[in-house]
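[1] coords please:
(chains A and B)
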Amino acid sequence: MQKVIILLQKEWLEFKQQRGMLFSIILLPLLFTILPVAIFAISRFANLSGVVNGVSTSSGIGKLPALAGLTPQELVQAVGGLQYSLFYILLPLMLPSIIASYSIIGEKTSRTLEPLLATPIRTWELLVGKSLIALLPSLFATWIGGIIFIIATALLAISPHVFAAVITPGWLIMLFLWAPLLSMIAIAAMIAISSRVNDLRTAQQYSAWAVVPFMILFFGQLFGLIALGTLFALIVFIVLIPLTLLAIWLTTKIFQREVILTSWK
Amino acid sequence: MNAIETYQLTRTFGERVAVENLTLSIPEGAVFGFLGPNGAGKTTTVRMLTALIAPTSGTARIEKLELGADNEAIRQTVGILTETPGLYERLSAQQNLFFFARLYNLDAAKAAAQTERYLRILGLWERRDEKVGGFSKGMRQKLAIARALLHEPKVVFLDEPTAGLDPEASRIVRDFIKDLRAEGRTIFLTTHNLPEADELCDLIGVFQTRLIRLDTPANLRVGMFGSGTRIQVAGDAATWLASVKPLPFVHDVTAQGSALSIKLDDPDSQNPALIRALVAAGADIRYVEQITHSLEEVYLELVDSTQAQQDKVSMNLPGGRK
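    Alright, predicted model coming up:
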């Protein structure tokens, strides 16, 4: 494990000097935390009678079981909170993609992979190091953002009912259990992409796929088709486990000294 | 004892044979020049010998370590300068070397000491805190060479160490390679710079998928072109052809202007008789010199003749070119 730490230290030194990546890593979680908190604050203090009627009458989301029994004012705040809380599924997908693309494509473009592979570092140490440098900041940012959102919801919710409707066990499962698995899948995808592309921009264009699961949840919930209940969240979590293992297995196949040196484009 | 031994080492990529039945022995402390045209399989060979890729068949031992079984130990034992320096441009020279020193299993104190040592040796200590992104090509190359040596490897693989460097930087690198040889390290040098190979190498391997010839530079020259003497005479040299040709030890003689070129088995012992014969015939001798051939001439002759043979074989194969 010592070499993993040495690699992480080096990655951290490089990480600090890449302004584009640092900007993304800081800006995205900040944005995804400020937005829902702002929505919460607005819906608490502003007069939203027009929106109240719109939500309760025309939106499928209003029919979700978690929102049953809420007053119209509570419903507006809860709907805003519920939808924006889904941004926390985007972070563990997007952030590792950004970091891994810098970390792995960067090694390719600077031609440092061969000298690195020529050292006695084991392939798994390299893989773990590269994965951790993408995983740890992403999870840290996601969870810190999520915790700030929980605190803000507790402070700004019109009533305890709104807090209970937004910060559900299902959402907590998404934040704390889905996030690491989704991050690992995102990293595996980026390693696969890295084996085929040579420039950062192309790699990051590919990482746009990360938006797809978010869109499914966002619109599914908006139209009342998907409810992020405990059972649903647990089922997705269980499904994600073998998917993550499969992704890691595929990564170990792609991330081999010989494959990197002879097959990576 | 041999530092590197290979036996029928072969590597294929699909249908393409990159390295075929490479068998060679490189003694400890020797500088081995591995010469061949682009695409000959030199980099593939280096990658196999540094345990980066596996051979398709055959075996190799590096410092008694078996390729395949002892790959991690081999990577610890050898140092490699890759074709491109491959340095972290956002890190300083010192950070680059320290990182690699740690990966080569040096503890933090030793890694710092070795980093300082090689930065000083290669004249980069004063610029240790500067980012490598701002370094010149020569400085990067020196830094990459330092990286290959941090863990004091017994065997060093240098792939084109002076490619693209200005004459002064090339000289520094060549002198450094000589210092490494003086320390008793075995050096596996891949280069297209034939005068450099001639200057540095104890042993030369000419390679084009297969090993074409393995010998010392001096033996390669004699083996390819034989030995001979060039004699400058007053007037037209052709006048004296008839005096030289009958001598029993003369294999061949040509005249060009005032120069006679004479092919001999052993110029050291045969030159006196040759000169006596010419003087006796009335020739005025101005200069006598040994005919030397550059390594470049030898190399080109070997590669061209191998290519011609391969073309001939492919033309005779069923479905081959006619």
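[2] which bits of the stretch 201-322 of chain B sit near chain A?
    For the stretch 201-322 of chain B, no residues are found near chain A under the criterion Cβ under 8 Å from any Cβ of the partner chain. Heads up, the C-betas are built off the backbone N, CA and C, glycines and all.
[3] OK, now which residue of the stretch 201-322 of chain B is nearest to chain A?
    The stretch 201-322 of chain B approaches chain A most closely through residue B:209 (16.7 Å), counting by Cβ to the nearest Cβ.
[4] okay, that residue: pLDDT?
    pLDDT for residue B:209: 91.
[5] now do residue A:62
    Per the predicted model, pLDDT is 67 at residue A:62.
[6] name the nearest residue to residue A:138, ignoring sequence neighbours.
    What sits nearest to residue A:138 in space, not counting adjacent residues and going by Cβ to Cβ, 6 or more residues apart in numbering or on different chains, is residue A:95, at 3.6 Å.
[7] quick check: that neighbour touching residue A:136?
    No. With contacts counted by Cβ atoms under 8 Å, residue A:95 stays clear of residue A:136, the gap being 10.3 Å.
[8] returning to that earlier point: and the residue of the stretch 201-322 of chain B closest to chain A, backbone torsions?
    When read as degrees, to the nearest 10, the backbone of residue B:209 gives phi 70, psi -50.
[9] near it, how many other residues are there?
    21 (other Cβ atoms under 10 Å in any protein chain shown).
[10] just to be sure, the residue nearest to residue A:138 is in a helix?
    Yes. Assessed with DSSP: H, G, I helix; E, B strand; the rest coil, residue A:95 lies in a helix.
[11] hang on, the earlier thing: contact partners for the residue of the stretch 201-322 of chain B closest to chain A?
    For residue B:209, the contacting residues are B:17-20, B:40-41, by Cβ atoms under 8 Å, 6 or more residues apart in numbering or on different chains.
[12] reformat those as CSV; add pLDDT.
    Shown next, in CSV, are the contacts of residue B:209 (pLDDT from 0 to 100):
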residue, pLDDT
B:17, 94
B:18, 94
B:19, 96
B:20, 94
B:40, 89
B:41, 92
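[13] on the three-state scheme, residue B:5 is what?
    Applying three-state DSSP: residue B:5 is strand.
[14] how much space separates it from residue B:59?
    8 Å (Cβ to Cβ, to the nearest Å).
[15] who has more neighbours out of the two?
    Neighbours were tallied for residue B:5 and for residue B:59 using other Cβ under 10 Å; the higher tally belongs to residue B:5 (18 against 15).
[16] packing partners for the strand or helix carrying residue A:78?
    When elements are assigned from DSSP states H and E, residue A:78 belongs to helix A:72-85. Other helices and strands packing on helix A:72-85, by 3 or more Cβ pairs under 8 Å, 6 or more residues apart in numbering or on different chains; DSSP states H and E, are helix A:19-45, helix A:49-58, helix A:160-166, helix A:211-222.
[17] which of those helices sits most buried?
    helix A:160-166 (a mean of 20; mean count of other Cβ atoms under 10 Å in any protein chain shown).
[18] which residues are contacting that one?
    Against helix A:160-166 from outside (Cβ under 8 Å, 6+ apart): A:66-67, A:69-70, A:74, A:77-78, A:81-82, A:85, A:153-154, A:157.
[19] switch the cut-off to 7 Å
    Identification of contacts with helix A:160-166 by Cβ atoms under 7 Å, 6 or more residues apart in numbering or on different chains yields A:66-67, A:70, A:74, A:77-78, A:81-82, A:85, A:153-154, A:157.
[20] check stretch A:236-253 too.
    With Cβ under 7 Å, 6+ apart, stretch A:236-253 has contacts from A:127, A:173, A:177-178, A:181, A:184-185, A:188, A:191-192.
[21] residue ranges with poor pLDDT in the stretch 101-250 of chain B?
    B:223-224 (pLDDT under 70).
[22] so which residue of it comes closest to chain A?
    residue B:103 (4.1 Å).
[23] where's that residue relative to residue B:97, distance?
    Applying Cβ to Cβ to residue B:103 and residue B:97 gives a distance of 11 Å.
[24] can you tell me the SS state at the residue of chain B most remote from its centre?
    In chain B, the residue that sits farthest from the middle, by Cα atoms, centre = their mean, is residue B:282; the gap is 45.7 Å. Of the three states, residue B:282 takes coil according to three-state DSSP.
[25] next, give phi and psi for it.
    Torsion angles, degrees, to the nearest 10, at residue B:282: phi 100, psi 10.
[26] repeat that for residue B:285.
    Torsion angles, degrees, to the nearest 10, at residue B:285: phi -90, psi 130.
[27] same question for residue B:250.
    Taking degrees, to the nearest 10 as the convention, residue B:250 sits at phi -90, psi 120.
[28] same deal with residue B:57?
    Dihedral angles for residue B:57 - degrees, to the nearest 10 - are phi -150, psi 170.
[29] same question for residue B:213.
    Dihedral angles (degrees, to the nearest 10) for residue B:213: phi -150, psi 140.
[30] how much space separates the residue of the stretch 201-322 of chain B closest to chain A from residue A:97?
    Taken as Cβ to Cβ, the span from residue B:209 to residue A:97 is 42 Å.
[31] with residue B:141 instead?
    Taking Cβ to Cβ, one finds residue B:141 at 35 Å from residue A:97.
[32] ok, now residue B:126?
    41 Å.
[33] those two: which is more packed in?
    Between residue B:126 and residue A:97, residue A:97 has the larger neighbour count (other Cβ under 10 Å), namely 26 against 9.
[34] where's the host helix or strand of residue B:141 relative to the chain centroid, distance-wise?
    Taking DSSP H and E as the criterion, residue B:141 maps to helix B:137-149. In terms of Cα atoms, centre = their mean, to the nearest Å, the centre of helix B:137-149 is found 19 Å from the chain centre.
[35] buried residues in that helix, which are they?
    Neighbour-count burial for helix B:137-149, counted by 16 or more other Cβ atoms under 10 Å in any protein chain shown, picks out B:138-149.
[36] next: stretch B:20-37.
    B:20, B:22, B:24-26, B:29-36.
[37] quick check: end-to-end length of that stretch?
    15 Å (Cα to Cα, to the nearest Å).
[38] and for it, what's in contact with it?
    So stretch B:20-37 is contacted by B:1-10, B:42, B:45, B:181, B:184, B:186-191, B:197, B:200-211, B:214, B:299, B:303 (Cβ under 7 Å, 6+ apart).
[39] on the three-state scheme, residue A:120 is what?
    Assignment for residue A:120 (three-state DSSP): coil.
[40] return the residues in contact with it.
    B:72, B:75-76, B:104-105.
[41] now for those residues: which two are most distant?
    Using Cβ to Cβ, those span at most 11.5 Å, a distance reached by B:72 and B:104.
[42] tell me the pLDDT at the closest residue in space to residue B:202 that isn't next to it in sequence?
    For residue B:202, ignoring the flanking residues on the chain, the nearest one in space by Cβ to Cβ, 6+ apart is residue B:30 at 4.5 Å. According to the predicted model, the pLDDT of residue B:30 comes to 95.
[43] can you pull the phi/psi pair for residue B:30?
    According to degrees, to the nearest 10, residue B:30 has phi -90, psi 150.
[44] distance of it from chain A?
    Using Cβ to the nearest Cβ, to the nearest Å, we find residue B:30 at a distance of 21 Å from chain A.
[45] go on, residue B:70?
    Where chain A is concerned, residue B:70 sits at a distance of 11 Å (Cβ to the nearest Cβ).
[46] ok, how many other residues are close to that residue?
    17.
[47] show me what contacts it?
    So residue B:70 contacts nothing (Cβ under 7 Å, 6+ apart).
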